[in-house]
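J.: Sequence and computational prediction follow.
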Amino acid sequence: MTLLQLENLSVTLRNRRVLSDVSVSVAAGEVVGLIGRNGVGKTTLMRAALGLIPASGHSSLAAMTPNARAKAVAWMPQTREIAWPVSVEDLVALGRLPHDDRARGPVEAALRHMALEPLRNRRATNLSGGEQARALIARALAQETPLLMADEPIAGLDPEHQIATMEVFADIAAAGRGVMLTLHDIALAARHCTRLIVLSENSVLADGAPSDVLTEGTLARAFSITAYHAQSDDGPVFQPLRRVT
Ligand SMILES: Nc1ncnc2c1ncn2[C@@H]1O[C@H](COP(=O)(O)OP(=O)(O)OP(=O)(O)O)[C@@H](O)[C@H]1O
C-alpha cells in the first residue's frame with residue numbers, strides 16, 4: 001500500500017528553485033531515509049509533501065483535508081519546540097488529538113518504546129535536548145498514523161537511543177506502517193533504512209536499497225566524500241572517510 005506519492009513536486013522559495021520535479025513514494029513496510037547535503041532541500045521536500053508550503057506537482061498528503069491528513073501522517077519537525085511546561089505524559093498524549101479519543105494504550109506504548117517511563121511526570125520543557133527529542137518522537141508514535149515523517153529525529157540522541165529509535169522505526173514498518181526520515185548519519189542510514197533517497201542539485205540523484213545507492217560515485221557527487229564499506233555478520237558497516245576535493 002502506498003502511503004505517500006509525490007509526482008513532479010517542485011518548490012520555489014524567494015525566487016530560487018529548491019526542488020525540481022521530484023517524484024518519489026513511500027509504501028507500507030518501508031523505512032525511507034532522505035539524505036543529502038545541508039540546504040539541499042530535505043526539509044523543504046517534507047514540508048511540501050505535507051502541504052505546509054506551496055508547491056507545484058502532486059502530493060497525495062497535501063491533497064487531503066487537514067483532518068484526514070492528521071490521521072494519515074504524524075510529523076516531527078526539525079525544530080524541537082515544546083510550547084508549554086506540560087508533563088512528558090501529557091505531551092505524548094497530545095498525539096491522540098487528531099483521533100479525538102483518550103486512548104491510553106498508544107500513549108503508554110509510545111512512552112515504553114522511547115524509554116520515557118521514568119521521565120513521564122517530568123516537565124517536558126525541563127528535559128535535556130535528547131530527552132525532548134525522544135518525547136516528541138513518542139508524541140508522533142502515539143498518533144498511530146500509517147505514515148510517520150520525521151526531520152532529523154535522531155540528531156542529538158546518544159548512540160544507544162539512536163539505535164533504539166531506528167529499531168522502533170523498523171518495528172512499526174514491520175507492523176505494516178511506513179516511516180520517512182531525514183538523517184545525516186550515513187552509517188545508521190545504511191544499516192537501518194530499507195531504502196534511501198539521495199537529493200542533490202534540486203532533485204533525486206538516487207533512490208533504492210542502501211547498498212545500491214551508497215556507491216562511490218553517488219557519495220562523491222552528493223556529499224563530496226569517500227567511505228569505507230564492509231559487510232559484517234551484523235549487517236552493513238559504513239564509515240565516511242575523507243573529503244573529495
Ligand atoms: N522560508 C525560506 N525562504 C527562503 N529560502 C528558504 C526558506 N526555507 C529554506 N530555504 C532555503 O531552501 C534550501 C533548502 O532548505 P532545507 O531546509 O530544505 O534544506 P535541508 O536539506 O533540510 O538542510 P539541512 O540538512 O541543513 O537541514 C536552503 O538553501 C534554504 O536556505
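T.: Received it, and whenever you're ready, just let me know what you need.

J.: Could you pull up the contacting residues of the closest residue to S87 other than its chain neighbours?
T.: Spatial nearest neighbour of S87, chain neighbours left out: N121 (5.5 Å); criterion: CB to CB, 6 or more residues apart in numbering. Using the backbone N, CA and C atoms, a C-beta is placed for each residue, glycine as well. Contacts for N121 were tallied using CB atoms under 8 Å, 6 or more residues apart in numbering; they are 87-89.

J.: Surely V204 touches V24?
T.: Yes: between V204 and V24 there is a contact under CB atoms under 8 Å: 6.3 Å.

J.: what do these two both touch?
T.: With contacts taken as CB under 8 Å, 6+ apart, the residues that reach both V204 and V24 are I197.

J.: Show me which residues of the chain sit near the ligand.
T.: 13-14, 18, 36, 38-44 (CB under 6 Å from any ligand atom).

J.: can you name the two of the residues you listed that are farthest apart?
T.: Using CB to CB, the residues of the chain next to the ligand span at most 19.9 Å, a distance reached by R14 and G36.

J.: any weak-confidence spans in the chain?
T.: Low-confidence segments of the chain, defined by pLDDT under 70, are absent.

J.: Just the C-alphas of stretch 144-164, formatted as PDB.
T.: Output of stretch 144-164 as PDB, limited to C-alpha atoms (Å, rounded to 0.1, in the frame of the first residue of the first chain):
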ATOM      1  CA  GLU A 144      -0.500   5.900  15.400                       C
ATOM      2  CA  THR A 145      -0.800   7.000  11.800                       C
ATOM      3  CA  PRO A 146       0.000   4.800   8.800                       C
ATOM      4  CA  LEU A 147       3.000   7.100   8.000                       C
ATOM      5  CA  LEU A 148       5.500   8.800  10.200                       C
ATOM      6  CA  MET A 149       7.600  11.700   8.800                       C
ATOM      7  CA  ALA A 150      10.400  12.900  10.900                       C
ATOM      8  CA  ASP A 151      13.000  15.600  10.200                       C
ATOM      9  CA  GLU A 152      16.300  14.600  11.800                       C
ATOM     10  CA  PRO A 153      14.700  12.700  14.700                       C
ATOM     11  CA  ILE A 154      17.900  11.000  15.900                       C
ATOM     12  CA  ALA A 155      20.100  14.200  15.800                       C
ATOM     13  CA  GLY A 156      21.400  14.800  19.300                       C
ATOM     14  CA  LEU A 157      20.500  11.300  20.700                       C
ATOM     15  CA  ASP A 158      23.200   9.200  22.300                       C
ATOM     16  CA  PRO A 159      24.300   6.100  20.400                       C
ATOM     17  CA  GLU A 160      22.000   3.700  22.300                       C
ATOM     18  CA  HIS A 161      18.900   5.800  21.800                       C
ATOM     19  CA  GLN A 162      19.800   6.400  18.100                       C
ATOM     20  CA  ILE A 163      19.900   2.700  17.500                       C
ATOM     21  CA  ALA A 164      16.800   2.100  19.700                       C
END
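
J.: contacting residues around E89?
T.: By CB under 8 Å, 6+ apart, the contact set of E89 is 107, 111, 120-121.

J.: do the same with S211
T.: S211 neighbours (CB under 8 Å, 6+ apart): 190, 236.

J.: please redo it, this time with the cut-off set to 10 Å
T.: Listed by CB atoms under 10 Å, 6 or more residues apart in numbering, the contact partners of S211 are 190, 196, 229, 231, 236, 238.

J.: Of those residues, which belong to helices?
T.: A190 (DSSP state H).

J.: so where do the strands sit in this structure?
T.: For the chain, applying DSSP state E gives strands covering 2-13, 16-27, 31-35, 56-59, 73-76, 147-151, 178-182, 195-200, 203-208, 225-232, 235-243.
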